[in-house]
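S.K.: here is the input, now give the coordinates:
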Amino acid sequence: MAREPVTRMNVVVIVLVLIAIIASVGTLYYSTTVMSDVGTLTDNVVTLTAGVMNLTSSVADLASVMGDLAETVGAYGETIAEIQERIMAVETSLKPLMRGYIVLGTTDSISTLDPSWGYDFYTWEVFQNIGEGLLKYTPGTTLLEYGIAESYTVSPDGLNYTFKLRPGMKFTDGEPLDAAAVKWSIDRVMAIKGPPSWLVSAFVNRTEVVDALTVKFILEMPISYFPSIVAFSPTYFPLSSKSFPADEIAEPTVGYYGPYKIKKWTRGVELVLEANPDYLGTPPESKVFVVKFFKDAATMRMAVETGEIDIAWKTLRPMDVVDLKAKGVLTIEEAPGPYIRYVACRCHMEPWNNTLLRRAVAAAIDRDRICTEAYMDTVEPLYSMIPIGMWSHIDAFEEEYGVRNLTLARELLTAAGYSETNKFAFDLWYTPTHYGDPEVYVASIIKESLEETGMMSVTLRSAEWATYASVYIPEATMPLFLLGWYPDYIDPDNYLTPFVHSEWSYSNAIYYNNTQMDAYLDDAAVELNVTIRTELYEDAQMLLAEDAPVIPFFQGVLNAAFWPNVGGIILDPTMMLRYYLIYKV
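M.R.: Down below sits the predicted model:
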């Protein structure tokens, strides 16, 4: 309980009480001693009164001192709060330093731990760290190097690929990794017929075991980019028949072969990896690597800023990237990624079977504004379906139309019979959430940029991804619509053939048919000489720009935010992070 403050009134009361006591004592003493020593008593009273007056003055001085002390304590209280805030900041910055392992955060998720069924980029990233193919990509490049194979040969007709395996390999369940295991794994993918199985069945006729460490792939046709598929797609990664059934999907945490093995996995929460002691390649830089899964980018950003995680990866919002750069505490690493966005035209039906109209859209679209306003300059304008940084890429659309050309767009619309009083009216479709929050702005900017011609009238329509992808695209419901593309393998073919080859373009509801384009792509697919392949793909890109069945508008940029004591983060064209290269300094 707080003590009552001493005031002058309190002192006066005390003095009066003392005087009353003294008076009573004096009276009593007078009664008993018949007024003896009255003089002495009077002197004592005077002395006592003087003492009380001194006490009053001291109490006043004490009150003044206490007031000064309260002000001082208040000032120190403010300073202490500031110090506590600084201590908390220091503790936050020390968290990543004190933790002896790497913690990565992501808003992505693992769809399945079975390579025969998983068909999304993040799941493939995990497989690239717990598994390994016959070949693999050199980090930071599109160059191939050996994985579980130590060599391979190709037959003169390009139909047979024979791989020699490294000796002494074994899966994380202890089973040997040999030619029989590779064949069994390929046969399993073809038997289960999961979403990614086409990456095997479309190219591989069968496999044969030549000897314990030699396996042969007999292809359906010569494919010059087959090594790229083998290196990139986990459908070619061997699995243990001890841990995986032959004809149904499964999710064991053992039975793989790669730099890491799974110690713990809680779906949607956490994946804990530890270095695989039986891996014959270079050991991981960090013996333990933890992945934490977040429901949204805002929570993940907070986690990296407080030091709960060391790395924020896939995917921060554009505003987060800009803000974290400005703060300057975390390192922001960026690199062009293989993810692209484009406008798709339904070419086999009116009105988009008219090349003039497709070309008008290609000339009028404002790529710079999309990148700046919708994505805050965290993506790059794209003028080809083949991404920047991939061999054979040329800025074909820029060569054909310039960065933007409204004058040309108006000329093309006039040639097609339209004018400012007879506008070309059409719908533009988009899906509002699948490609992230900025998508509604992307669609609005495209609408506005096309309407700047004064000769187009655009109505925006949208549908959620489930309907968009599984109903409207297969049924060719949408005449003009926005899509994105993540590659199935790192090769120019995968950015052209699915969209503009007559045999495949229907799968994306484009229905483009041009015999010259087919010839370019067919020749490039079987050509082993990279120089000749490059020329063929450059020709294909120019023809694509002229006809504009698809119109690319931006290329994604990979970005990761991490603490300065983290090293080994390499962002490369595969769009997958190699956990085994990451370390702390």
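S.K.: can you list the domains in this structure?
M.R.: 8-91, 106-321+563-584, 335-558 (automatic domain parsing).
S.K.: ok, now how distant is His348 from Glu448?
M.R.: His348 sits 28 Å away from Glu448, going by Cβ to Cβ, to the nearest Å. Placement of C-beta: from N, CA and C, glycine included.
S.K.: for these two, indicate the residue with more neighbours.
M.R.: Taking neighbours as other Cβ atoms under 10 Å, His348 and Glu448 compare with His348 leading, 16 against 12.
S.K.: contact partners for the more buried one?
M.R.: Ala476, Tyr511, Asn513 (Cβ atoms under 8 Å, 6 or more residues apart in numbering).
S.K.: mind listing the helices for the stretch 101-250 of the chain?
M.R.: 121-130, 179-192, 198-201, 226-232 (DSSP state H, counting those that start in this stretch).
S.K.: any chance of the ones you listed in TSV, plus mean pLDDT and mean neighbour count?
M.R.: Output for the helices of the stretch 101-250 of the chain, formatted as TSV (pLDDT from 0 to 100; neighbours: other Cβ atoms under 10 Å):
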stretch	mean pLDDT	mean neighbour count
helix 121-130	96	23
helix 179-192	98	20
helix 198-201	95	18
helix 226-232	97	24
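S.K.: and Trp504, which of these is closest to it?
M.R.: helix 198-201 (11.0 Å; Cβ to Cβ).
S.K.: contacts for that closest one next, please.
M.R.: Ile186, Val189, Met190, Lys193, Ile229, Ser233, Thr235, Tyr236, Asp488, Tyr489.
S.K.: quick check: the farthest pair among those?
M.R.: Lys193 and Tyr489, at 19.2 Å, using Cβ to Cβ across the contacts of helix 198-201.
S.K.: neighbour-wise, which of these two wins?
M.R.: Tyr489 (17 against 13).
S.K.: quick one: contacts for the more buried one?
M.R.: Leu199, Tyr225, Ser228, Ile229, Phe232, Ser233.
S.K.: my guess is the third one meets Asp491, correct?
M.R.: Yes: in this structure, Ser228 sits in contact with Asp491. The criterion is Cβ atoms under 8 Å, and the distance is 4.5 Å.
S.K.: element containing Val272?
M.R.: Assessed by DSSP states H and E, Val272 sits inside strand 270-275.
S.K.: relative to helix 121-130, how tilted is that strand?
M.R.: Calculated by axes from the mean of the first three to the mean of the last three Cα atoms, to 10 degrees, strand 270-275 forms an angle of 30 degrees with helix 121-130.
S.K.: from the contact counts, what lies against strand 270-275?
M.R.: On a contact count with 3 or more Cβ pairs under 8 Å, 6 or more residues apart in numbering; DSSP states H and E, strand 270-275 meets helix 121-130, strand 260-266, strand 288-293.
S.K.: give me the low-pLDDT residue ranges for the chain?
M.R.: 1-98 (pLDDT under 70).
S.K.: name the single longest strand found in it.
M.R.: Identified as the longest strand of the chain according to DSSP state E is strand 331-345.
S.K.: direction included, what does that one pair up with?
M.R.: The strands beside strand 331-345 in its sheet (DSSP bridges) come out as strand 480-485 (antiparallel), strand 550-562 (antiparallel).
S.K.: list the buried residues in the last one.
M.R.: By neighbour count on 16 or more other Cβ atoms under 10 Å, the buried set for strand 550-562 is 550-562.
S.K.: distance of the spatially most central residue of the chain relative to Thr142?
M.R.: By Cα atoms, centre = their mean, the chain has its centre lying nearest to Lys314, at 0.8 Å. Using Cβ to Cβ, Lys314 is found at 20 Å from Thr142.
S.K.: mind checking how far the closest residue to Thr453 other than its chain neighbours is from Asp366?
M.R.: Of all residues not flanking Thr453 in the chain, Ala409 sits nearest, at 5.0 Å (Cβ to Cβ, 6 or more residues apart in numbering). Applying Cβ to Cβ, the value for Ala409 to Asp366 is 11 Å.
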